[in-house]
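S.K.: Return atomic coordinates for the entry below.
(one chain, ligands or ions: 1)
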Amino acid sequence: MRIDVVTIFPEYLAPLDVSLIGKAATAGILDIHVHELRTWTHDRHNTVDDSPCGGGPGMVMKPEPWWEALTALVPPGSEDGARLIVPTPSGRPFTQRVAEDLATASHLVFAPARYEGIDRRFIEAAAERMPVEELSIGDYVLAGGEVAVLVMVEAVGRLLPGVLGNAESAKDDSFGHSSQGGMAGLLEGPVYTKPANWDGREVPPVLLSGNHAVIARWRRDEALRRTAQTRPDLIEALDPAALDKKDRAQ
Ligand SMILES: COc1ccc2nc(C(=O)O)sc2c1
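M.R.: Sure thing, here's the model as predicted:
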């Protein structure tokens, strides 16, 4: 997968060079390019914004630099498999299912805005050439979309074949939200490691029993309990067919 990120703060995307995503890029699984939006400006001040039409606070990002950037990165005729991702507080929620969908693309172009956002006409013009996804990572105020790009690239990148080692696979995601595997749609229950007694607190004996079936049942019960406590909406969203009789007894 090729990933292009266009931003006025390229240094904000430096974390893409490290850890899981950095290793995937080194391995050639991900082909990541970060670009300075001002590359596609032509005035003396490299202007990327202007005052809002109709008045109001702040500045709006001009459509021209974004359009030139997108055209350079996705030349006419090469749109097949390309998707434009626009992080925005007014976007639809970015969820694991959205990440799984984006992981099927061959080329993602991220357009993180700053200021009050990008001139709407850029989004409309882009949508005539390729699928455009306006996505939000959550209901809180950010100064720009770059941090959302970091979240989305990690969530999508880790789903690509070869990115996670054999020992860990996205289908066994342990922090819930995966739509695959036995804990699909549930939050992770509590996890423990050695020592068996720490600070006078014991690891639940079932985890030391060696009985894998009983351990699996206990873990699922704990995941159901924690999900019901913390995110009852996820319980409601579960496919009833995915719940067995013991689950329903919880
Ligand atoms: C000005 O640019 C912004 C501002 C807030 C914001 N919030 C996002 C989110 O994903 O929630 S993306 C984003 C972009």
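S.K.: Tell me if I'm right that F94 and I137 touch.
M.R.: Yes: using C-beta atoms under 8 Å, F94 makes contact with I137 at a distance of 5.1 Å. For every residue, glycine as well, the C-beta is placed using N, CA and C.
S.K.: list residues touching both of those two?
M.R.: 148, 151-152 (C-beta atoms under 8 Å, 6 or more residues apart in numbering).
S.K.: Drop anything exposed from the residues you listed.
M.R.: Buried members of the shared contacts of F94 and I137, counted by 16 or more other C-beta atoms under 10 Å: 148, 152.
S.K.: doesn't M61 make contact with R114?
M.R.: Yes: the criterion here is C-beta under 8 Å, and R114 meets it with M61 at 6.8 Å.
S.K.: what sits in contact with each of these two?
M.R.: In contact with both R114 and M61: D49, using C-beta under 8 Å, 6+ apart.
S.K.: Mind listing residues that contact the longest helix belonging to the chain?
M.R.: Using DSSP state H, we find that the single longest helix of the chain is helix 212-230. Applying C-beta under 8 Å, 6+ apart, the contact partners of helix 212-230 are 176, 182-183, 186-190, 204, 206-207, 209, 234-235, 246-247, 250.
S.K.: swap in stretch 113-128?
M.R.: By C-beta under 8 Å, 6+ apart, the list of residues contacting stretch 113-128 reads 8-9, 49, 52, 56-63, 66-67, 70, 84, 86-88, 111, 132, 134, 143-145.
S.K.: if you set the cut-off to 7 Å instead, what comes out?
M.R.: 8, 49, 52, 58-63, 66-67, 70, 84, 86, 88, 111, 132, 144-145 (C-beta atoms under 7 Å, 6 or more residues apart in numbering).
S.K.: Return only those of those found close to the ligand.
M.R.: For the ligand, the contacts drawn from these by C-beta under 6 Å from any ligand atom are 88, 144-145.
S.K.: out of the residues you listed, who's nearest the ligand?
M.R.: G145 (3.6 Å; C-beta to the nearest ligand atom).
S.K.: Nearest spatial neighbour of the closest one, chain-adjacent residues omitted?
M.R.: P112 (2.9 Å; C-beta to C-beta, 6 or more residues apart in numbering).
S.K.: mind listing what that neighbour touches?
M.R.: 7, 87, 144-146, 148-149.
S.K.: tell me which parts of this structure are close to the ligand?
M.R.: 87-89, 113-115, 117, 136-138, 142, 144-145, 148.
S.K.: Can I take it that the residue nearest to G145 is in a strand?
M.R.: No: counting by DSSP: H, G, I helix; E, B strand; the rest coil, one finds P112 to be coil, located in no strand.
S.K.: From I118, how far off is it?
M.R.: Relative to I118, P112 is positioned 10 Å away (C-beta to C-beta, to the nearest Å).
S.K.: Could you do A148 as well?
M.R.: For A148, the distance to I118 (C-beta to C-beta) stands at 14 Å.
S.K.: Now the most centrally placed residue in the chain: which helix or strand?
M.R.: In the chain, the residue lying closest to the centroid (C-alpha atoms, centre = their mean) is M152, at 2.5 Å. Using DSSP states H and E, M152 falls within helix 146-157.
S.K.: buried ones in that helix?
M.R.: Applying 16+ other C-beta under 10 Å to helix 146-157 flags 146-150, 152-157 as buried.
S.K.: could I get those as CSV with pLDDT?
M.R.: Below are these laid out as CSV (pLDDT from 0 to 100):
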residue, pLDDT
E146, 98
V147, 98
A148, 98
V149, 98
L150, 98
M152, 98
V153, 98
E154, 97
A155, 97
V156, 98
G157, 97
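S.K.: for those residues, which one is nearest L16?
M.R.: V153 (6.1 Å; C-beta to C-beta).
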